[in-house]
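**Student:** Sharing a sequence plus its predicted fold:
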Amino acid sequence: MPQVVYIEELPRHVGEEVTIRGWLFNKRSSGKIRFLIVRDGTGFLQCVATAKDTEAESFELCERLPQEASLVVTGTVRADSRAPGGYELLLKELTPVQIPKEQFPITLKEHGVGFLMDHRHLWIRMRRQFAILRVRDAVLWAIREFFKGEGFVATECPIIVGTQVEGTTTLFPLDYFGEPAYLSQSGQLYLEATCMALGKVYWIGPAFRAEKSKTRRHLTEFWMAEAEMAYFEHEDNLALQERLVRYIVEYVISERKRELEILERDVELLRREVEGPFARVTYAEAVEIVNSHGVPMEHGDDFGAPAEDALSHHFGRPVFVERFPARIKPFYMKRAPDDPSVVLCADLIAPEGYGEIIGGSQRVDTEEELLRQLEEYELPREPYQWYIDLRRWGSVPHSGFGLGVERTIAWICGIRHIREAIPFPRMLDRLYP
Ligand code: 4AD
Ligand code: MG
């Protein structure tokens with residue numbers, strides 16, 4: 001019996017007879033030769049069938065099998081620079097597992113995006129989606145490896161919560177046995193508690209925001225990598241974020257070369273973007289830069305997509321925007337000691353118009369300031385009592401941030417809309433599949 005292997009392992013099996021279990025992606029004929037493109041989740045492989053080398057029944061099946069038939073193929077591995085991926089299989093035998101009775105809805109031609117989104121459960125089998133989802137896997141591993149290397153403890157935060165953290169306009173309410181509750185917008189408040197127990201903590205979890213507008217950067221359910229560090233001040237926070245983003249990009253470039261090729265990503269550009277120190281500007285400077293690029297914006301406005309695009313093109317590398325006016329940021333951010341109208345925060349804007357990928361800040365660390373902020377933001381004290389407690393026993397300066405996983409993937413992959421950066425996106429008009 002030939003050894004069962006995966007397509008990505010083929011370089012180690014040249015000249016051997018092997019078996020691969022997968023799906024028929026595409027096929028063509030040229031004279032008396034049949035070419036089957038088989039995929040198995042790890043890659044795509046050209047199988048070559050000829051009347052001479054391939055068993056008669058299998059050869060005949062090559063004609064009839066439709067796209068996405070599941071099958072098991074056996075043959076000899078050949079290195080061939082002309083074959084996509086550099087290897088091909090000289091087909092000896094083919095056994096179908098299931099033969100579809102109808103045409104696969106997604107052909108290799110162009111489809112409208114609405115149609116593709118309706119068939120997301122099948123669309124993910126296509127080559128570009130395969131590449132994006134494998135980059136996603138690498139991004140998540142990079143985040144875990146980075147934090148482990150930096151001595152962080154992995155932890156978890158609740159999804160069902162009783163308080164808001166990022167404003168009331170994007171809450172998903174639910175009924176918790178008669179009590180009002182919400183889906184978590186961010187695990188931050190809980191990480192602030194956990195970092196006082198474990199020092200440096202992170203988690204990768206889902207975040208829910210009832211975003212009522214359709215944009216290419218917003219999902220209603222997305223994933224965030226959040227970190228919180230006791231005894232970290234603003235500068236330590238930014239230095240850590242910069243190391244993280246550089247680590248992720250370099251990790252993906254080295255682990256997902258093939259996938260970035262499929263996506264036709266300009267890898268050299270990506271590498272250059274994170275090579276040197278990231279740019280840093282204050283909010284006030286950023287507003288001027290945005291205006292100088294002809295994008296209207298007033299001091300006190302939040303950055304819209306055109307403003308973020310202007311900034312990213314201006315710098316051509318990731319840029320931290322610091323010291324936002326306190327009134328356009330959430331209640332938990334610490335005021336700058338030299339100017340209490342601004343907060344010790346930073347948003348990290350990705351290059352090439354991929355928008356804000358990180359939001360972070362140093363946190364309010366005294367009870368007095370927190371009580372004052374809760375009042376200013378008209379938030380009730382009662383549900384935040386546990387959070388106030390953190391300032392009553394052993395409060396220390398602390399900082400943290402949240403990195404948007406899908407926006408980071410969109411930037412690294414070079415895809416314009418983040419709906420392709422998650423297997424099953426949730427958006428204003430999308431609950432299925
Ligand atoms: O800037 P945000 O709202 O920050 C927080 O939630 C903090 N509490 C995180 C923290 O400090 N622990 O969100 C963080 C990041 C954004 O920079 C963006 O990349 C992403 O999460 N994000 C979204 N991604 C997709 N769809 C949405 N609707 C998003 N909202 C935010
Ligand atoms: Mg933000």
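**Tutor:** Ah, there it is. Ligands and ions are numbered 1, 2, ... in the order given.
**Student:** Mind pulling up the pLDDT for the residue of the chain positioned farthest from its centre?
**Tutor:** In the chain, the residue that sits farthest from the middle, by Cα atoms, centre = their mean, is Lys52; the gap is 47.4 Å. For Lys52, the model assigns a pLDDT of 95.
**Student:** three-state assignment of it?
**Tutor:** Classification of Lys52 by DSSP: H, G, I helix; E, B strand; the rest coil places it in coil.
**Student:** tell me the mean pLDDT over the strand ranked longest in the chain?
**Tutor:** Taking DSSP state E as the criterion, the chain has its longest strand at strand 17-30. Averaged over strand 17-30, pLDDT sits at 97.
**Student:** In terms of secondary structure, what does it contact?
**Tutor:** Packing contacts for strand 17-30, counted by 3 or more Cβ pairs under 8 Å, 6 or more residues apart in numbering; DSSP states H and E, involve strand 3-4, strand 33-39, strand 44-49, strand 70-79, strand 87-98. Quick note: C-beta positions are derived from backbone N, CA and C, even for glycine.
**Student:** so what's whichever residue of the stretch 1-150 of the chain sits closest to ligand 1 up against?
**Tutor:** Nearest residue of the stretch 1-150 of the chain to ligand 1: Val139, at 12.6 Å (Cβ to the nearest ligand atom). Shown in contact with Val139 (Cβ atoms under 8 Å, 6 or more residues apart in numbering): 248, 251-252, 405, 408-409, 412.
**Student:** In contact with the nearest residue to Leu65 once chain neighbours are set aside, which residues are there?
**Tutor:** Distances taken as Cβ to Cβ, 6 or more residues apart in numbering place Leu24 nearest to Leu65, at 5.4 Å, with adjacent residues excluded. Listed by Cβ under 8 Å, 6+ apart, the contact set of Leu24 reads 36-38, 65-71.
**Student:** Please, a ChimeraX command that selects the buried ones among those residues?
**Tutor:** Buried residues among those (16 or more other Cβ atoms under 10 Å), as a ChimeraX selection:
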select :36,37,38,65,67,68,69,71
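**Student:** Now render the contacts of Leu24 as TSV, adding pLDDT and distance to Arg216.
**Tutor:** Shown next, in TSV, are the contacts of Leu24 (pLDDT from 0 to 100; distance: Cβ to Cβ, whole Å):
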residue	pLDDT	distance to Arg216
Leu36	98	36
Ile37	97	31
Val38	98	34
Leu65	97	38
Pro66	97	34
Gln67	97	30
Glu68	98	29
Ala69	98	35
Ser70	98	34
Leu71	98	37
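**Student:** Would you map out the domains in this structure?
**Tutor:** Domain segmentation of the chain under automatic domain parsing yields 3-98, 120-421.
**Student:** Among the ones you listed, which comes closest to Val113?
**Tutor:** Nearest of those to Val113, taken as Cβ to Cβ: domain 120-421 at 8.1 Å.
**Student:** what's the span of stretch 214-222 from first residue to last?
**Tutor:** Start-to-end span of stretch 214-222 (Cα to Cα, to the nearest Å) is 15 Å.
**Student:** scratch that, stretch 50-70 is what I was asking about
**Tutor:** Per Cα to Cα, the first residue of stretch 50-70 is 21 Å away from its last.
**Student:** now stretch 148-168
**Tutor:** End-to-end distance for stretch 148-168, by Cα to Cα: 34 Å.
**Student:** Any idea how far that stretch is from the middle of the chain?
**Tutor:** Distance of stretch 148-168 from the chain centroid (Cα atoms, centre = their mean, to the nearest Å) equals 17 Å.
**Student:** isn't Phe44 right next to Trp23, touching?
**Tutor:** No: applying Cβ atoms under 8 Å, one finds Phe44 not in contact with Trp23, separated by 10.2 Å.
**Student:** Run through who's touching stretch 28-40.
**Tutor:** Residues outside stretch 28-40 that contact it (Cβ under 8 Å, 6+ apart) are 6-7, 20-27, 44-51, 54, 59, 62-63, 65, 71, 73, 84, 89, 91, 94, 125, 130.
**Student:** Give the PyMOL command for selecting the buried subset of those residues.
**Tutor:** This is the PyMOL syntax for the buried subset of the contacts of stretch 28-40, where burial follows 16+ other Cβ under 10 Å:
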select buried, resi 7+20+21+22+23+24+25+26+27+44+45+46+47+48+49+54+59+62+65+71+73+89+91+94+125+130
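**Student:** avg pLDDT for stretch 235-253?
**Tutor:** The model assigns stretch 235-253 a mean pLDDT of 98.
**Student:** Which positions in it come out as buried?
**Tutor:** So for stretch 235-253, counting by 16+ other Cβ under 10 Å, buried means 237-238, 240-242, 244-249, 251-253.
**Student:** just these now: which is nearest ligand 1?
**Tutor:** Using Cβ to the nearest ligand atom, Asn237 is the member of those that sits closest to ligand 1, with 9.3 Å.
**Student:** Looks to me like that closest one is in a helix.
**Tutor:** Yes: Asn237 sits within a helix when classified using three-state DSSP.
**Student:** Would you mind naming what in the chain lies close to ligand 1?
**Tutor:** Residues of the chain that fall close to ligand 1, judged by Cβ under 6 Å from any ligand atom: 165-166, 186, 188, 209, 211, 218-219, 222, 224, 226, 356-360, 400-402, 404, 406-407.
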